[in-house]
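1. everything below, folded, please.
(chains A and B)
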Amino acid sequence: QKEVEQNSGPLSVPEGAIASLNCTYSDRGSQSFFWYRQYSGKSPELIMSIYSNGDKEDGRFTAQLNKASQYVSLLIRDSQPSDSATYLCAVITPKTSYDKVIFGPGTSLSVIP
Amino acid sequence: DVKVTQSSRYLVKRTGEKVFLECVQDMDHENMFWYRQDPGLGLRLIYFSYDVKMKEKGDIPEGYSVSREKKERFSLILESASTNQTSMYLCASSSDSAEQYFGPGTRLTVT
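-> A predicted model of the protein is given here:
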């Protein structure tokens, strides 16, 4: 089992719909969770962080974390063509000397006008 | 705003050359990272550093080395470049347990 898994997609949604992106992780000691967006040819940029169980909302984005199920998701409401990108899930697990950061493979999202 | 800069956006080198990729961050972050990104393979961690002069191997360290003599600067070295090292190289920095900030990337082509 890979340490951080995501559906590779591509995920296609019509403009205005809700896009749902999922991520699962294997290490129960993981404590910090991030969603990055990466446009083609660009570097990843942070869009959401979440540290405790439940939902966290920021504009059209909602991150959901369920540590018992080892699952984190990102919902994008009122999807826009400009949301078309690859979304990377990142998980941080504290180790003895440093924090281990693992990125998932990413999910490609296409929002159809 | 956090700024992470990389020495080159595009680089073309010949097989066997020694290649230096430089990364500088201006936010006094403890942690710095080097990744490569290839189509279909996602982000793969090459090396990271959690303190000056400290380094840890990532998932794919073979053929690479790193140097961190100052907190703000993290260098990736390809001792003898090979064609399979043609890739996009991304540098990032972070403070502990926090989000990473990425540089713009260096697209390296080895011919």
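
2. lowest average confidence across helices and strands of chain A, where is it?
-> strand A:99-103 (a mean of 86; mean pLDDT, DSSP states H and E).

3. just the strands in the chain please.
-> Went with chain A since none was named. Assigned by DSSP state E, chain A shows strands spanning A:4-6, A:11-14, A:19-25, A:32-38, A:45-50, A:54-58, A:61-66, A:71-76, A:85-94, A:99-103, A:107-112.

4. chain B was what I was after
-> When assigned using DSSP E, the strands of chain B occupy the ranges B:4-6, B:10-13, B:19-25, B:31-38, B:42-49, B:56-57, B:64-70, B:73-78, B:87-94, B:101-102, B:106-110.

5. which among those is found nearest to residue A:24?
-> Residue A:24 sits nearest to strand B:42-49 of all the strands of chain B, at 15.2 Å, using CB to CB. (Each C-beta comes from the backbone N, C-alpha and C, glycine too.)

6. touching the closest one from outside, list them.
-> Strand B:42-49 has contacts (CB atoms under 8 Å, 6 or more residues apart in numbering or on different chains) with A:44, A:88, A:98, A:101, A:103-106, B:31-38, B:55-61, B:64-66, B:68, B:74, B:76, B:90.

7. please name the bridge partners of the residue nearest to residue A:50 when sequence neighbours are not counted.
-> In space, and not counting its chain neighbours, residue A:50 is closest to residue A:63: 4.3 Å by CB to CB, 6 or more residues apart in numbering or on different chains. Using DSSP bridges, the beta-bridge partners of residue A:63 come out as residue A:56, residue A:74.

8. circling back to that earlier point, just the buried ones among the contacts of strand B:42-49, please.
-> With neighbours counted by 16 or more other CB atoms under 10 Å in any protein chain shown, the contacts of strand B:42-49 contain buried members at A:44, A:88, A:98, A:101, A:103-106, B:31-37, B:55-56, B:58, B:64, B:66, B:68, B:74, B:76, B:90.
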